[in-house]
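Trainee: following is a predicted model, sequence given first.
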Amino acid sequence: MSIDPRAVVDPAARLAPGVCVGAYSIIGPEVEIGAGTRIGSHVVIKGPTVIGEENRLYPFSSIGEDPQDKKYEGGYSRLEIGNRNIIREYCTINRGTGQGGGVTRIGDDNWLMAYVHIAHDCLIGNNTVFANNASLAGHVRVGDHAVLGGFTLVHQFCSIGAHAFSGMGSALSKDLPPFVTASGNPATPRGLNSKGLRRRGFGADTIQVLKRAYRILFRSGLSLEAAIRELTPLGDEHDEVALLIRFLKSSRRSILR
């Protein structure tokens, strides 16, 4: 363990072996940090917050601060961050609220670039990329391998599916389904995220099936309910389409169309 003498670490904080804390960082009570995590200078971490192993937090990040919610009047809430995440300069990640289940959660192997904001009660999967200034309002869900372009803005209670992609400056006020690319303000679907899928090892046959599903969902003129019925036989044969159907059925704000 290496703690710069200019850092302030509350005696009640729990730091595992191999944790490094830079100058002028402040770590409060009810904070737990896993082995190998490196905290840069001028980072503020407030609890209750649990941070896993081998994360890298860069200078001036604010982690686990109170939620920006007028209804929040104290009470227990927490932030959970998994392993091997990169959190760059000036990122802000807030704890949860009682109305949202009490927890903000970030999975493993995520890359949050500078000035990213993760609001209260957000649930982030694994292997996501948030480019500079991407911002999530409260209660947003983001699936595995999603990529948010710079300055993407996401409305509260929206969901972003696995392997989805938003272009820079996008404003999402509805749900972005898995595998789909969207851009604009307001954001609209722009096609299948074929390049991202190929990079992650999806085969040509699977991508063709997903392109067919995309055409049914966005270009057939069918209502959402009718499109789901049309997709169902494909979902019975292909797990990726079944994932898409589950997302559509569970949508809280309807989808971008």
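Mentor: Structure's in. What do you need? Residues are numbered from 1 along each chain as shown.
Trainee: Glu225 belongs to a strand?
Mentor: No - remark: Glu225 does not belong to a strand; assigned using DSSP: H, G, I helix; E, B strand; the rest coil, it is helix.
Trainee: count the neighbours of it for me.
Mentor: Glu225: 10 surrounding residues under other C-beta atoms under 10 Å. Where you see a C-beta, it was placed from the backbone N, CA and C, and this is true even at glycine.
Trainee: distance of it from Ala242?
Mentor: Separation of Glu225 from Ala242 (C-beta to C-beta, to the nearest Å): 17 Å.
Trainee: how about Gln208?
Mentor: According to C-beta to C-beta, Gln208 stands 16 Å off from Ala242.
Trainee: before we move on, what about Gly47?
Mentor: In this view, Gly47 and Ala242 are 39 Å apart by C-beta to C-beta.
Trainee: same drill for the two, tell me which one is more crowded.
Mentor: Gly47 (20 against 15).
Trainee: my guess is that one contacts Ile33. True?
Mentor: No - when contacts are counted by C-beta atoms under 8 Å, Gly47 is not listed as touching Ile33 (10.4 Å).
Trainee: pull up the overlap in contacts between these two.
Mentor: Counting by C-beta atoms under 8 Å, 6 or more residues apart in numbering, the contacts common to Gly47 and Ile33 are Ala13.
Trainee: which residues touch Arg219?
Mentor: With C-beta under 8 Å, 6+ apart, Arg219 has no contacts at all.
Trainee: how much space separates it from Arg88?
Mentor: 38 Å.
Trainee: can you check Ile27 too?
Mentor: 19 Å.
Trainee: got the domain ranges for this structure?
Mentor: The record's domain parsing of the chain by automatic domain parsing lists 2-139, 198-250.
Trainee: first-to-last residue distance for the longest one?
Mentor: To tie it back to what came earlier, the one meant is domain 2-139. 35 Å (C-alpha to C-alpha, to the nearest Å).
Trainee: before we move on, what about stretch 69-78?
Mentor: Termini of stretch 69-78 sit 14 Å apart (C-alpha to C-alpha).
Trainee: could you pull out the buried residues of it?
Mentor: By neighbour count with 16 or more other C-beta atoms under 10 Å, stretch 69-78 contains the buried residues Asp69, Tyr72, Ser77, Arg78.
Trainee: identify all contacting residues around it.
Mentor: Under the contact criterion C-beta under 8 Å, 6+ apart, stretch 69-78 has outside partners 47-50, 64, 66-67, 95-99, 102-104, 120, 138.
Trainee: gap between the closest residue to Glu30 other than its chain neighbours and Thr206?
Mentor: Computed as C-beta to C-beta, 6 or more residues apart in numbering, the closest residue to Glu30 that is not its neighbour in sequence is Gly47, at 2.9 Å. To Thr206, Gly47 is 43 Å away according to C-beta to C-beta.
Trainee: same check on Gly150?
Mentor: 29 Å.
Trainee: Asn127 too?
Mentor: 18 Å.
Trainee: do you know the pLDDT at the nearest residue to Asn185 once chain neighbours are set aside?
Mentor: Once flanking residues are discounted, Asn185 sits nearest to Ala171: 4.1 Å by C-beta to C-beta, 6+ apart. Per-residue confidence at Ala171 stands at 98 (pLDDT).
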